[in-house]
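Participant: fold the following, please.
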Amino acid sequence: MAAHPIKVKVTAYFDTGEDGLVSRLVRLDFSNAMDETDRDAFKASIETALKEYKCDPNSHLKQWFNFAFD
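Facilitator: Just a heads-up that it's a prediction; the model follows:
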């Protein structure tokens, strides 16, 4: 029997500073329940992805991230 892929959608809420770069990750909402270790791994990946993100200065934004594992 083949295993079903695991899919997780994470909504990241964050603020940008005067320079338009992400200044603070406010909250992460996960589509699936998971333990704290897995949540920390997703958080680290999202923080890395947002390092170069640039948008309007002094904004409150959200971005969706979709992860899929076989």
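Participant: for residue 67, see how far away the residue nearest to residue 54 when sequence neighbours are not counted is.
Facilitator: Among residues not flanking residue 54 along the chain, residue 20 sits closest, at 4.7 Å (Cβ to Cβ, 6 or more residues apart in numbering). The way it works is simple: take the backbone N, C-alpha and C, and place the C-beta from them, glycine included. According to Cβ to Cβ, to the nearest Å, residue 20 and residue 67 sit 26 Å apart.
Participant: kindly report the same for residue 52.
Facilitator: Distance from residue 52 to residue 67, by Cβ to Cβ: 19 Å.
Participant: the more surrounded of those two?
Facilitator: Higher neighbour count among residue 52 and residue 67: residue 67, with 16 against 8, using other Cβ atoms under 10 Å.
Participant: can I assume the more buried one is in contact with residue 30?
Facilitator: No: using Cβ atoms under 8 Å, residue 67 makes no contact with residue 30, being 10.0 Å away.
Participant: just the helices in the chain please.
Facilitator: 36-50 (DSSP state H).
Participant: returning to what we had before: report pLDDT for the residue nearest to residue 54.
Facilitator: You'll see residue 20 listed with a pLDDT of 96.
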